[in-house]
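Engineer: Predicted structure and sequence below. I'll ask about it afterward.
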Amino acid sequence: MEVIILPSSKEIGALAADAIEALVRNKPNAVLGLATGSSPLPIYDELARRHDQDGLSFEEVSGFALDEYVGLPVGHYESYREVIRREFTNRVDVGAANVHGPDGSAEDIQGACESYEAAIKAAGGIDLQILGVGTNGHIGFNEPGSSLASRTRIKTLAEQTRQDNARFFDNVRQVPHHVVTQGLGTIMDARHVVLVAFGAGKADAVRDFVEGPVSASCPASVLQFHPRATIVIDEAAAAKL
Ligand code: GLP
């Protein structure tokens, strides 16, 4: 793992955007793994700015979302498909048909998860996966206890995660209990992983996954085994290293 500590979320976003820009300029049909939550927003802001001001094009890029809630109606404002559309793909020139997400409303969820894995494979695999980290060390929605070899599947959210995500809904009761998420094995297949985190609330999780043992009880710790994992954090998130 390479750990890079920067002064602010703006600089974190810019450094991650540098990696994505270098990839896309070198490989115009690159495959990006797209994350939600607040952590990637500075990356998307910076990519949208470079698209507008520097002509950075995503026309041939395709994107695969990390995860999705189960049970939200299609088009729900907080569904991750909508969040990714709003925060990133609508602000650049990615073709709508090139943006994919696990289907949380499928009748056959297991079948949909298998198709999603097949679609990632058919696209040639993910070149660069953007990640945040949960306060309990989850990545995607791989909660503590997730198999380190897991593939895309349905999961039950930890109560901590529902509390953490309640801020996006009117109250915690509206946060779905179930989700579909790329597995830890799926994430580990990405050729480059860029995890961003900022704020004191992430300090325990960052210490545990960077310096603790590799363990299913801290899912992000599996990234210690990744050949190319870049961890970009601020001083507050790095405080307990
Ligand atoms: C969510 C998402 C994760 C995200 C994490 C942290 O539950 N499923 O992909 O990394 O929580 O969110 P935030 O960046 O808002 O702290």
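Structural biologist: Looks like it arrived, so ask away. These numbers were taken from a predicted model, which means no experiment stands behind them.

Engineer: Mind listing what's buried along the longest helix along the chain?
Structural biologist: The helix that spans the most residues within the chain, counting by DSSP state H, is helix 9-26. Buried residues in helix 9-26, counted by 16 or more other CB atoms under 10 Å: 9, 11-17, 19-21, 23-24. Placement of C-beta: from N, CA and C, glycine included.

Engineer: is the ligand contacted by the one helix or strand in the chain whose mean pLDDT sits lowest?
Structural biologist: Lowest on mean pLDDT, DSSP states H and E among the helices and strands of the chain sits helix 159-165, with a mean of 92. Yes: Helix 159-165 is in contact with the ligand by CB under 6 Å from any ligand atom, via T161, N165.

Engineer: Same check on stretch 82-100?
Structural biologist: No: judged by CB under 6 Å from any ligand atom, stretch 82-100 stays clear of the ligand, getting no closer than 9.9 Å.

Engineer: Pull out the buried residues from that stretch.
Structural biologist: By neighbour count on 16+ other CB under 10 Å, the buried set for stretch 82-100 is 82-85, 87-89, 91-92, 94, 98-100.

Engineer: With stretch 226-237 instead?
Structural biologist: H226, A229, T230, I231, V232, I233, D234, A236, A237.

Engineer: can you put those residues in JSON lines and add secondary structure and distance to T156?
Structural biologist: Below are the buried residues of stretch 226-237 laid out as JSON lines (DSSP: H, G, I helix; E, B strand; the rest coil; distance: CB to CB, whole Å):
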{"residue": "H226", "secondary structure": "coil", "distance to T156": "26"}
{"residue": "A229", "secondary structure": "strand", "distance to T156": "27"}
{"residue": "T230", "secondary structure": "strand", "distance to T156": "30"}
{"residue": "I231", "secondary structure": "strand", "distance to T156": "27"}
{"residue": "V232", "secondary structure": "strand", "distance to T156": "30"}
{"residue": "I233", "secondary structure": "strand", "distance to T156": "28"}
{"residue": "D234", "secondary structure": "strand", "distance to T156": "31"}
{"residue": "A236", "secondary structure": "coil", "distance to T156": "30"}
{"residue": "A237", "secondary structure": "coil", "distance to T156": "27"}
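
Engineer: Brilliant, that's me finished.
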